[in-house]
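Engineer: need a structure here:
(2 chains)
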Amino acid sequence: MDRANSGFFRRRFRTLALAALLSFAQPLLSAPKVILNDDADITRLDSASLTQIFAMQIRKWPNGLAIQVFTLPSENELHREFVVNRLHIQAHQLDRIWNRMLFTGTGKAPAVVKSQAEMVEMIRSTPGAIGYTAADYPTGNIVTLGDKEQ
Amino acid sequence: MRKLSSIVLGFTAAVIMTPAAALELGRSSELHGFVNQAYVYSPDNPYAGTDALNGSVKFRELGITGFTEISPEFRLAGQVISRQRDEADDGDARIDFLLADYLFYSNMGATAGVRIGRVKNNVGFYNSTRDIPSARPGFSVPDSIYLGSFRDSMLSTDGINFYGSLLFHDNQLSWEFFAGKKDTESERLEYYLYGIPVGKGEFDDLSLQGLNLNFVPAAQRSLKLGFSLLDSGVDLDNPLSVSDAQKALFMSGPADVVANPHNYVTGTRIDVLFAVLSAQYSFRDWVITAEYMNMFSDLELQIAGVDNDRSNTTEAYYLQVEWLPTPATTWFARYEELYLDKDDHSGGDLISANNPYRGFGKGWSLGGKWMFYPQWTVTGQASFNEGTAWLPSYNGMENDSIGKYWNYYVVSLTFQF
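Structural biologist: Below is the predicted model:
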């Protein structure tokens, strides 16, 4: 391969790499945000803990307060986006975990809210609550887990 | 009485079938349930009775489950289930589980708790939910591993269950140990062991202990690996005495013990070690599941006072692919094989005259589920089988002739709240 051609391919590769990076970053930038009740007293959570909380396996915050999980309905697009981009599993996996717990008497499913407005209201008013909204949904002064903490 | 209890259960289910997703009884209690009605057509072999040969609707499941949280650590939960499966299950309401659960340790990295009462056994991915229509991949759980002959014996334990989960370097491990006893359905076990009910005696209390581990690696959150072990033992209570057996043999002639050994059983003890390896991988709309089962059984069988001990290894596996193109639709395909005697695929001593192919099973199942309206699901399944190891047994099965190749087709309607 001559020098001119190899330069062309290097430039092409750089453009492609940049495009790939941007397309990977896109879901993270717009991924739904996790919101918390003040009393949960927490601002950082790793992704595995977050998954375990929504799978109803971790049941208390470090300060001993019971965790109250809120979700949108399973078929809701934002819910599915949240599960894939923040919990890194599929929505049907979570549905099956909850269903199994319910019908084996070993746990319960999270409380389901109908809208983001209701979600924000429940998180604000329920001690130990955790939920999510779209990244750009206004949540006022509610505690939000930043992407850096994920 | 049996009819009455299932009617009462059905009525309760009907009364509480509100459009709400669940019946919330105050802040910390909930009631849920399901009704499943199936139509089964099994033209080649009788399926749980002869009715299905021409198509039968005698396949119904009802369940009511509830829990109350007394505190964040302490909860009570229970479930009553009625199953009717033509001749194989009578629809009698029974307590599926009833337990008190205390979470004695919980932080962000680990939890541990204890459950006391009747607790479902987590053996493989499906054992604890095999009677819950919404938790099954199709109409049935994989028959090869979740063999009907052992369903009652394996379903739950009356005893103690320790459980917990652990997060380390983002790897997730959940664990469970349990021990206790279980009433067993004697007749089903007798059909499995002798191919026909035994002349005298009954299998009563089974002792059970087991463990279940599930692991999700940090590097691949879509992969779930499982290991289950179940150890159980049971004696035949009040069998025929040796002197009675010898007297009977004297009357009918020595050849009869060969033709009808079940009439001369004077003692049986069976110890079983049941192990399942499980793996499930979810990728986008696809879920691939595979499980392998190995069951070692040690049988101490005495016929007319003569010991006839034998041990046996049963082996099975299945591979299942599910596709979930929409949140309301699932399609699946499954292939499975089961050999009651791993060293003799034809079944060896386990086969009986009317059912010569019960030593093995191989089969394909194809099907789908569609939630056509919230809480309402229709399920279809077609199964194509060779060998009858998992053909459900029923009282009187020994009088029907059983063929080698058999298919069955199911359509069912489920409501869950």
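
Engineer: gap between B:Phe162 and chain A?
Structural biologist: 13 Å (Cβ to the nearest Cβ, to the nearest Å). In short, each C-beta sits where N, CA and C put it, glycine included.

Engineer: that residue touches B:Glu176, doesn't it?
Structural biologist: Yes: with contact defined as Cβ atoms under 8 Å, B:Phe162 counts as touching B:Glu176 (7.0 Å).

Engineer: domain boundaries for chain A, per the record?
Structural biologist: As given by automatic domain parsing, the domain ranges for chain A are A:1-30, A:31-149.

Engineer: who's more crowded, B:Phe162 and B:Glu176?
Structural biologist: Between B:Phe162 and B:Glu176, B:Glu176 has the larger neighbour count (other Cβ atoms under 10 Å in any protein chain shown), namely 22 against 15.

Engineer: quickly find the element holding the more buried one.
Structural biologist: strand B:171-183 (DSSP states H and E).

Engineer: try B:Leu299
Structural biologist: strand B:286-303.

Engineer: using CSV, list the CA coordinates for that strand.
Structural biologist: What follows is strand B:286-303, C-alpha atoms only, in CSV (Å, rounded to 0.1, in the frame of the first residue of the first chain):
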residue,chain,number,x,y,z
TRP,B,286,-33.8,-13.4,22.5
VAL,B,287,-33.5,-15.7,25.5
ILE,B,288,-31.5,-18.9,25.2
THR,B,289,-31.9,-21.4,28.0
ALA,B,290,-30.2,-24.7,28.6
GLU,B,291,-30.3,-27.1,31.5
TYR,B,292,-28.8,-30.4,32.3
MET,B,293,-30.1,-32.8,34.9
ASN,B,294,-28.4,-35.8,36.5
MET,B,295,-30.3,-37.9,39.0
PHE,B,296,-28.7,-40.7,40.9
SER,B,297,-31.2,-43.0,42.6
ASP,B,298,-30.4,-45.8,45.0
LEU,B,299,-33.3,-48.2,45.2
GLU,B,300,-33.5,-50.9,48.0
LEU,B,301,-36.3,-53.1,46.7
GLN,B,302,-37.5,-56.2,48.5
ILE,B,303,-39.8,-58.6,46.7
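
Engineer: and the contacts of the next helix or strand after that strand?
Structural biologist: Proceeding C-terminally, strand B:286-303 gives way to strand B:306-307 as the next helix or strand, assigned by DSSP H and E. Residues outside strand B:306-307 that contact it (Cβ atoms under 8 Å, 6 or more residues apart in numbering or on different chains) are B:300-301.

Engineer: dead centre of chain A: give me the residue that sits there.
Structural biologist: In chain A, the C-alpha nearest the mean C-alpha coordinate belongs to A:Arg86, at 3.3 Å (Cα atoms, centre = their mean).

Engineer: contact partners for the residue nearest to that residue when sequence neighbours are not counted?
Structural biologist: Spatial nearest neighbour of A:Arg86, chain neighbours left out: A:Ala31 (5.8 Å); criterion: Cβ to Cβ, 6 or more residues apart in numbering or on different chains. Neighbour list for A:Ala31: A:81-82, A:85-86, A:135, A:147 [criterion: Cβ under 8 Å, 6+ apart].

Engineer: of those - the most surrounded one?
Structural biologist: Counting by other Cβ under 10 Å, top hit in these: A:Phe82 with 24 neighbours.

Engineer: doesn't that one fall inside a strand?
Structural biologist: No: assigned with DSSP: H, G, I helix; E, B strand; the rest coil, A:Phe82 falls outside any strand and is helix.

Engineer: for chain A, what lies in contact range of chain B?
Structural biologist: A:46-49, A:51-52, A:57-62, A:66, A:74-75, A:80, A:88-93, A:96, A:99-100, A:102-106, A:108, A:112 (Cβ under 8 Å from any Cβ of the partner chain).

Engineer: so among those residues, which ones count as buried?
Structural biologist: Among the residues of chain A next to chain B, those buried by neighbour count (16 or more other Cβ atoms under 10 Å in any protein chain shown) are A:48-49, A:51-52, A:57-61, A:74, A:80, A:89-93, A:96, A:99-100, A:102-106, A:108, A:112.
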